[in-house]
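>>> I'd like to go over a predicted model; first the sequence, then the structure.
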Number of protein chains: 2
Amino acid sequence: MTRRLHLNAFLMNTGHHEASWRLPESDPHAHVELAHYVHLARIAERGTFDSLFLADGPVLFNSVGQRPSGALEPLTLLTALATATQHIGLIATASTSYNSPYNLARRFASLDHISGGRAGWNIVTTAGAEAARNFGLDDEPAHATRYERAAEFLDVALKLWDSWEDDLVVADKAAGVWGDERKIHPPRHKGTYFSVEGALNVPRTPQGYPLLVQAGSSEDGKRFAARYAEAVFTAQQTLKDAQDFYADLKSRTAAADRDPDHIKILPGIVPVIGSTEAEARRHEQVLEDHIVYEHGLNRLEHLLHLEPGTLDLDAGLPADLPPESAIEGAKSRYTLVVELARRERLTVRELIGRLGGGRGHLTFAGTPEQVADAIEEWFRRGAADGFNIMPAVLPSGLDLFVDHVVPILRTRGLLRTEYGPRRTLRERYGLPRPANQFASTLV
Amino acid sequence: MTRRLHLNAFLMNTGHHEASWRLPESDPHAHVELAHYVHLARIAERGTFDSLFLADGPVLFNSVGQRPSGALEPLTLLTALATATQHIGLIATASTSYNSPYNLARRFASLDHISGGRAGWNIVTTAGAEAARNFGLDDEPAHATRYERAAEFLDVALKLWDSWEDDLVVADKAAGVWGDERKIHPPRHKGTYFSVEGALNVPRTPQGYPLLVQAGSSEDGKRFAARYAEAVFTAQQTLKDAQDFYADLKSRTAAADRDPDHIKILPGIVPVIGSTEAEARRHEQVLEDHIVYEHGLNRLEHLLHLEPGTLDLDAGLPADLPPESAIEGAKSRYTLVVELARRERLTVRELIGRLGGGRGHLTFAGTPEQVADAIEEWFRRGAADGFNIMPAVLPSGLDLFVDHVVPILRTRGLLRTEYGPRRTLRERYGLPRPANQFASTLV
């Protein structure tokens, strides 16, 4: 069988470009309206995407003045989308630092039942003191501590999802016996961060458990991904960086005794599509013209852990920035941004322009052919198993991608032409249904 | 305007009778299938009910062998139902003991946005050591401690729901200003159980916040209800008890400086409907014949905090049971069960038969006229503002109620004949939209 691209639609507000909401076409209330996401999900399903995805953090960043703020809670929103779609996978971000395993495992299990096996979990540890202070802490736990907790969280969640064997239900009405109690396996977990005694109160789900997705590219993040992740979202600015990341993560996965084909790597791409390259560039310019650079300055200083007022819009980044190891929080994004600015000798203003489009993800402006070429090149040259499609403007950018790039990818045999029968999300990604770790071998 | 009944459909598995799953008509897998609940929600909407409701506890009770076990997480399930219905309110149970205010407030706000203002929260403190052990505790917190935490939880949640003023959004695209930052009000809460610094990351919702519902009838429970609840579910076995409870809670609510009309009291009723009284009794008998009394014995001993093996199926309850004050957990249910057994001089077997039908709620077997008469009597004689309808068998019992009792209630002017325009859940219950505690009075 031909190796096929995996496509994920990363849905965010009125688009990934921070100024997208200011365009005449954008509805500034759309980001908290179900109808907007139903519309987007149906476009993605028309494009036979594998999945759609919502990022998240349990915190209101101080940006209400600057752009549409707040977000519907992703698992809740995706549950509503489960009933509005038929085939597409539904990947919600949720934090291991600010949830308890029992509740979160149960919610993902519920979504997996409701959606017929289309649930995915983007596992995040949630950087930042602002989030920590919404959950009784004074500051964020250290990066390494967050990842330690995440690993224990996963171990507990996996025990909970496996706490019912698949064939537990007997349903013997005459005898009054519903299930086989020997097929319940309470975790009885006592660890560093969690104690969870009892079995989950949801039967094992169509997928066994949700597709496990991860997006941190730090050293801790990659170690975690190699152990648990089945799909990885990553920000890569160059083919070479993407190839290096791809090779590294596949080999780490093999070293963790897993099949390297069972981790799918999807770099983010912000396609800005025009009928000519010049038109695409003009779209990009219109978006850049709507950036409020003073807002971008604040955010960049925050990302780089600099005091407000340190940066000059028309100068380069300071030479004496600290190394990634000194950064708590979004470590790999820090390095990506610093390297991008240095490699391309960008002023702070230019850097903000680049980040405003995709927050560090690759922005690619061009014709549908050119976008398809870029996708195919990365896919064929060992940089990607697929892509996280992040339209600069939504819904129009997703419409353009589906109407103009998707047909090219299909013609080239890189993408399915239709979904065919209903399948689970894990089947779409070509992954096996996980066995139950507690399943009896007795006949 | 005529005073009208409020009806809530309490959906549970294949019915409230514990043996309902054993009937030929019942699907023993239905309780974790979306289609079952969509079907039930649509029947309730055909009956122009105000709301539907799902009970919950974050624990798997040790009953997999005995009856259909596990449940989809209620907020998740109700979000799916929000898209399958138009008018009916959606009330989910969630625990204040095993959630954090930021996450839970956000999830209810999200459901309220998604459903167009139809979210309700049945606030529970979750009795039992089994649940506590799923969340890192060795035993349940004391009853009073749980209610103290619940009150602080509510105070924080109310601050979070009010942390955005209703008219915050400016959406000035030309100026690049989306919202008025002065209209964000972070809770900055530091209390005994919670510290929550930041504003919610969801705009204020159609209802302001979900309808607040409560169901504990202990002393602590009633004090809590008088302070916060807008609707109360209660188990009452006699008209007199229901009248006493009703009068007591209304007067407590007035004493808490609230309008007693702004708390709606809904006793539970398990209607078993037949075309004659004899047919209704036969339905009841068929259900009772399917009870496995040994299973009921274990549960009754657990409820009464007795050692396994203490009770004799064919004797009465022991004379020396402890007083309610000595009970941690479901205090008011304990008293109700003990009083029911003593008042009607029931053997343990007979008591289990009665509890198997409605777990302490009033079971009423009769013709549609007789059920409507009972409802009307309680409603007119100061015992109820409406009812929590708990069919013994689902979906058939709800169908019977909607097809045969609802028309009588409509003819008598006690129930709406159609929904009319879309309204919020709080409007259906005749309650005002709450003002924002932080709203500026400046013009």
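Yep, that arrived.
>>> check contacts around the residue nearest to A:Gln214 when sequence neighbours are not counted.
Once flanking residues are discounted, A:Gln214 sits nearest to A:Ala229: 3.9 Å by Cβ to Cβ, 6 or more residues apart in numbering or on different chains. Just so you know, the C-beta spots here come from the backbone N, C-alpha and C atoms, and that holds for glycine as well. Taking Cβ atoms under 8 Å, 6 or more residues apart in numbering or on different chains, we find A:Ala229 in contact with A:123, A:212-214, A:263.
>>> which among the residues you listed gets closest to chain B?
Chain B has its nearest neighbour among the contacts of A:Ala229 in A:Ile123, at 16.0 Å by Cβ to the nearest Cβ.
>>> and the closest one, that one's in a strand?
Yes: per DSSP: H, G, I helix; E, B strand; the rest coil, A:Ile123 lies within a strand segment.
>>> quick one: contacts for it?
Neighbour list for A:Ile123: A:94, A:96, A:150, A:154, A:212-214, A:224, A:228-229 [criterion: Cβ under 8 Å, 6+ apart].
>>> for it, give the beta-bridge partners.
A:Ala94, A:Gln214 (DSSP bridges).
>>> now render the contacts of A:Ile123 as CSV, adding pLDDT.
Formatted as CSV, the contacts of A:Ile123 follow (pLDDT from 0 to 100):
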residue, pLDDT
A:Ala94, 98
A:Thr96, 98
A:Ala150, 97
A:Leu154, 98
A:Leu212, 98
A:Val213, 98
A:Gln214, 97
A:Phe224, 97
A:Tyr228, 97
A:Ala229, 98
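>>> can you flag which of those residues belong to strands?
A:94, A:212-214 (DSSP state E).
>>> show me where the stretch 51-200 of chain A has strands.
Along the stretch 51-200 of chain A, counting by DSSP state E, counting those that start in this stretch, strands occupy A:51-54, A:89-95, A:119-124, A:169-172, A:177-179, A:189-190, A:195-196.
>>> off-centre distance for the second one?
Put plainly, it is strand A:89-95. Put simply, strand A:89-95 sits 7 Å off its chain's centre (Cα atoms, centre = their mean, to the nearest Å).
>>> angle of it against strand A:119-124?
With axes from the mean of the first three to the mean of the last three Cα atoms, to 10 degrees defining the directions, strand A:89-95 sits at 30 degrees from strand A:119-124.
>>> dump the residue contacts of the closest residue to A:Phe153 other than its chain neighbours.
Once flanking residues are discounted, A:Phe153 sits nearest to A:Thr96: 4.1 Å by Cβ to Cβ, 6+ apart. A:Thr96 makes contact with A:123-126, A:146, A:149-150, A:153-154 under the criterion Cβ under 8 Å, 6+ apart.
>>> and if you look at A:Leu321?
A:Leu321 sits in contact with A:304, A:338, where contact means Cβ under 8 Å, 6+ apart.
>>> count the neighbours of the nearest residue to A:Arg227 once chain neighbours are set aside for me.
Spatial nearest neighbour of A:Arg227, excluding adjacent residues (Cβ to Cβ, 6+ apart): A:Ala256 at 5.2 Å. If you count neighbours by other Cβ atoms under 10 Å in any protein chain shown, A:Ala256 ends up with 14.
>>> A:Ala256 and chain B, how far apart?
Look at A:Ala256 and chain B: by Cβ to the nearest Cβ, to the nearest Å, they are 28 Å apart.
>>> that residue and A:Ala226 touch, don't they?
Yes: using Cβ atoms under 8 Å as the test, A:Ala256 is close enough to A:Ala226 to be in contact (4.6 Å).
>>> coming back round to it: filter the contacts of A:Thr96 to the buried ones?
Listed as buried from those are A:123-126, A:146, A:149-150, A:153-154; burial here means 16 or more other Cβ atoms under 10 Å in any protein chain shown.
>>> can you name the two of those residues that are farthest apart?
A:Thr126 and A:Leu154 (14.9 Å; Cβ to Cβ).
>>> residues in the stretch 201-350 of chain A within reach of chain B, list them.
Contact residues (Cβ under 8 Å from any Cβ of the partner chain) of the stretch 201-350 of chain A with chain B: A:201-203, A:290, A:292, A:295.
>>> which among the residues you listed gets closest to B:Thr367?
A:Asn201 (37.7 Å).
>>> quick check: that closest one touching B:Pro74?
No: with contacts counted by Cβ under 8 Å, A:Asn201 stays clear of B:Pro74, the gap being 11.4 Å.
>>> so between those two, which is more surrounded?
Set A:Asn201 next to B:Pro74 and count neighbours by other Cβ under 10 Å: A:Asn201 wins out with 26 against 22.
>>> sec struct for that one, please.
From three-state DSSP, the assignment for A:Asn201 is coil.
>>> so what's it up against?
Contact partners of A:Asn201, counting by Cβ under 8 Å, 6+ apart, are A:106, B:57-61, B:69-71.
>>> now it: how far from B:Trp178?
41 Å (Cβ to Cβ, to the nearest Å).
>>> so how far is the longest helix seen in chain A off the chain centroid?
As assigned by DSSP state H, the longest helix anywhere in chain A is helix A:143-161. Offset of helix A:143-161 from its chain centre (Cα atoms, centre = their mean): 18 Å.
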